[in-house]
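J.: Make a model of this:
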Amino acid sequence: MTTQKKVARRKLSLLELASDLGNVSKDCRMMGCSRQQFYEIRRNFQTYGAEGLIDRLPGAKGPHPNRVSAEIETAILRHALAHPCHGPMRVAHELMLKDNDVPPSFEAQGATIDAVLSDNGREFCGREDRHPYKLFLQLEGIEHKRTRVNRPQSNGIVERLHRTFLDEHFRVEGRKALFETIEEKQIVLDQYLVEDNTKRLHQGRGMNGRTPVIAFIDGIRKEDAPQPKPTKKAA
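T.: Now for the predicted structure:
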């Protein structure tokens, strides 16, 4: 049996198992594929029949479209050679720690992050031993606090900041350029954040016309300043 026929047989087994189970998600977990792949296979089968299960399109010519940049590839190889027992998830987490902007920025000012507050979204919450965000906080020794359910105002400042980013950056840049990759969006967002944090004068609560960087440094100095001792009144 050729490789193409083996692949086609596996795709057919995927569709048959989903029909028997009546549950696409469970089928995908058992067969080791994504829901997107499943629906694409089913659509091809419904359109072209058995021939739709055969991969007729050639693979990507030249560099693979999902290939990482040369810098990331070099960093992965360097880490793998130094730590040959680390698996792919461990390597990814270690590289994320080395390339994270927030903790180094705080450390440069002599400040530490004791806790973070987030909502209960899946991007922030999950199993302690698997979720990337939870693992990152554990490695950094940062406590994770969550807002109360149905109380979005608990994190209102952040919600308002997201609205500002949406109105003043994403919607504006979306009209000016067509971004084909997340990396392209990230470059433009990083440029906006530098401008917003270091040059724009904010009028939000407690800002008093300062830039976020100045407000951050002033807050550290205020906490580090020696507090006056209370004076005792004469009897």
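
J.: Tell me the buried residues in the longest helix seen in the chain?
T.: Taking DSSP state H as the criterion, the chain has its longest helix at helix 3-21. Using 16 or more other Cβ atoms under 10 Å as the test for burial, helix 3-21 gives 8, 11, 14-15, 17-18. Placement of C-beta: from N, CA and C, glycine included.

J.: next SSE after that helix?
T.: helix 24-31 (DSSP states H and E).

J.: For that next one, give the mean pLDDT please.
T.: When pLDDT is averaged over helix 24-31, the result is 85.

J.: Show me how far the longest helix of the chain is from its chain's centre.
T.: 33 Å (Cα atoms, centre = their mean, to the nearest Å).

J.: try stretch 154-171
T.: Using Cα atoms, centre = their mean, the offset of stretch 154-171 from its chain centre is 17 Å.

J.: What lies in contact with it?
T.: Residues outside stretch 154-171 that contact it (Cβ atoms under 8 Å, 6 or more residues apart in numbering): 117-119, 147-148, 152, 189, 192, 204-205.

J.: buried sites along that stretch?
T.: Of all the residues in stretch 154-171, those buried under the rule 16+ other Cβ under 10 Å are 154-155, 169.

J.: measure that stretch end to end?
T.: 26 Å (Cα to Cα, to the nearest Å).

J.: Could you do stretch 89-107 as well?
T.: Using Cα to Cα, the end-to-end distance of stretch 89-107 comes to 26 Å.

J.: before we move on, what about stretch 19-36?
T.: One end of stretch 19-36 sits 17 Å from the other (Cα to Cα).

J.: quick one on the thing from earlier: what two of the contacts of stretch 154-171 are the furthest from one another?
T.: Largest separation among the contacts of stretch 154-171 by Cβ to Cβ: 148 and 192, giving 31.3 Å.

J.: next one: the helix or strand where residue 135 lies to chain centre, how far?
T.: Assigned by DSSP H and E, residue 135 belongs to helix 132-140. How far helix 132-140 lies from its chain's middle: 12 Å, per Cα atoms, centre = their mean.

J.: From the contact counts, what lies against that helix?
T.: helix 88-98, strand 143-146 (3 or more Cβ pairs under 8 Å, 6 or more residues apart in numbering; DSSP states H and E).
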